[in-house]
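[1] I need the structure of the sequence given here:
(chains A and B)
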Amino acid sequence: MRVRVLLGVLAALAVAVPTAAAEQRASLTEIEKQVMCPVCGTLLQLAESPQAQREKAFIRRLIAEGKTEDQIKDALVAEYGDEVLALPQGSGFSLSAYVVPIVALLVAAVALAIGVLRWRRAGGDPDDRGAPPPAGPDGADADRLDADLARYDL
Amino acid sequence: MLAVLAVVGLLVFGLVSKGSSGVALGEVAPAAPLPRLGGGGDGSLAEYKGRWVLVNFWASWCEPCKEEAPALERFQRQHGGPGFTVLGIDSRDLTSDGLDFVRRYGLSYPQLRDGDGGAAHDFGTTGVPENFLVDPRGRVRLLVRGPIDEDYLQSNVAPFLPGGES
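    Have a look, this model is predicted:
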């Protein structure tokens, strides 16, 4: 029984290990969708310049050495800096590229919600709400009004 | 309102950080430290204050740079010393490719590495190769976009150097 269990575990491991390795194995096709050609300013996938060819050769070499996708991207950042990554990294200032739009959207939604709540709470015609009382006549109009009123003994 | 301010702030930051840059003739050349190609810490144009320096931006994948490199090396052997040096800056290039290039062309002058192109941006280069002759006070005296050859070096750079005509 024990032997069968042991064989079963070994068989499961034999299947699992290559599967995990295959999942981690990097491919040029996948990486060149995620990194830039720094000289061309386009995705490496779309670039054919001499610099892009060197970059692709560098990636192929690292794949042949068995490096993972993350290790290869790290190596590219070490060579060309952060801007080689097509998408910003999830840390530092680059994180703001993801966070700021979300925060801005939330702030706008909250501001809109507060505005709607206040409007509903106040009720009535929003044109009348909070409007200052109409100002009376002044200057010559006021004098004329006073003179007209004086003619009537009310 | 806050969202608008945040977006405007980001746009301003983008403009400031990516905006136009570069040096014109007579201006002080950027001298930010850069890693030495092949290791050994950082180096900078500032190290050569008091000397004439021909700053040469190049990359191993650049064909005109291959034609220019032997002329620069000959000029360095002829004029290099306490009063002058060529300073190579390998820009947007792989370290291993840059080192291969230096070996292949037997370049003896100092080399810095500008992997992310930051120094090229600070100098306002439009590509490689580009050359900037910097005087002993750190000001740009000549600027050449594109490759230079032996004739150009002898007739335009040499006269500035100690023992030259100007």
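
[2] contacts, neighbours, all on C-alpha from now
    Will do.

[3] next SSE downstream of the helix-or-strand element of chain A with minimal mean pLDDT?
    Ranked by mean pLDDT, DSSP states H and E, the weakest helix or strand in chain A is helix A:2-24, scoring a mean of 57. Remark: after helix A:2-24, the chain's next helix or strand is helix A:28-31, criterion DSSP states H and E.

[4] residues contacting that next one, please?
    A:Gln45, A:Lys56, A:Ile59, A:Arg60, A:Ile63, A:Glu69, A:Lys73 (C-alpha atoms under 8 Å, 6 or more residues apart in numbering or on different chains).

[5] okay, now the sheet partners of the very next helix or strand once past that helix, with direction.
    Per DSSP H and E, helix A:28-31 leads on to strand A:36-37 as the next helix or strand towards the C-terminus. Each strand that pairs with strand A:36-37, with its direction, by DSSP bridges: strand A:42-43 (antiparallel).

[6] contacting residues around the partner strand?
    A:Glu32, A:Lys33, A:Gln34, A:Val35, A:Met36, A:Cys37, A:Ala86.

[7] list phi and psi for the first one.
    The reference is to A:Glu32. Main-chain torsions, A:Glu32, degrees, to the nearest 10: phi -70, psi -10.

[8] picking up where we left off before, mind giving me the ChimeraX command for buried ones among the contacts of strand A:42-43?
    Remark: buried members of these, expressed as a ChimeraX selection using 16 or more other C-alpha atoms under 10 Å in any protein chain shown:
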select /A:32,34,35,36,37,86
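
[9] could you dump the contacts of strand A:42-43 to CSV with distance to B:Arg77 and pLDDT?
    What follows is the contacts of strand A:42-43, written out as CSV (distance: C-alpha to C-alpha, whole Å; pLDDT from 0 to 100):
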residue, distance to B:Arg77, pLDDT
A:Glu32, 42, 97
A:Lys33, 45, 97
A:Gln34, 44, 97
A:Val35, 40, 98
A:Met36, 38, 97
A:Cys37, 35, 97
A:Ala86, 43, 95
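
[10] just name the closest of the contacts of strand A:42-43 to chain B, please.
    A:Cys37 (9.6 Å; C-alpha to the nearest C-alpha).

[11] how much space between that closest one and B:Asp90?
    16 Å (C-alpha to C-alpha, to the nearest Å).

[12] now do the contacts for the residue nearest to B:Arg139 when sequence neighbours are not counted.
    Of all residues not flanking B:Arg139 in the chain, B:Val28 sits nearest, at 4.2 Å (C-alpha to C-alpha, 6 or more residues apart in numbering or on different chains). By C-alpha under 8 Å, 6+ apart, B:Val28 lies in contact with B:Gly138, B:Arg139, B:Val140.

[13] and B:Phe57, its phi and psi?
    Dihedral angles (degrees, to the nearest 10) for B:Phe57: phi -80, psi 130.
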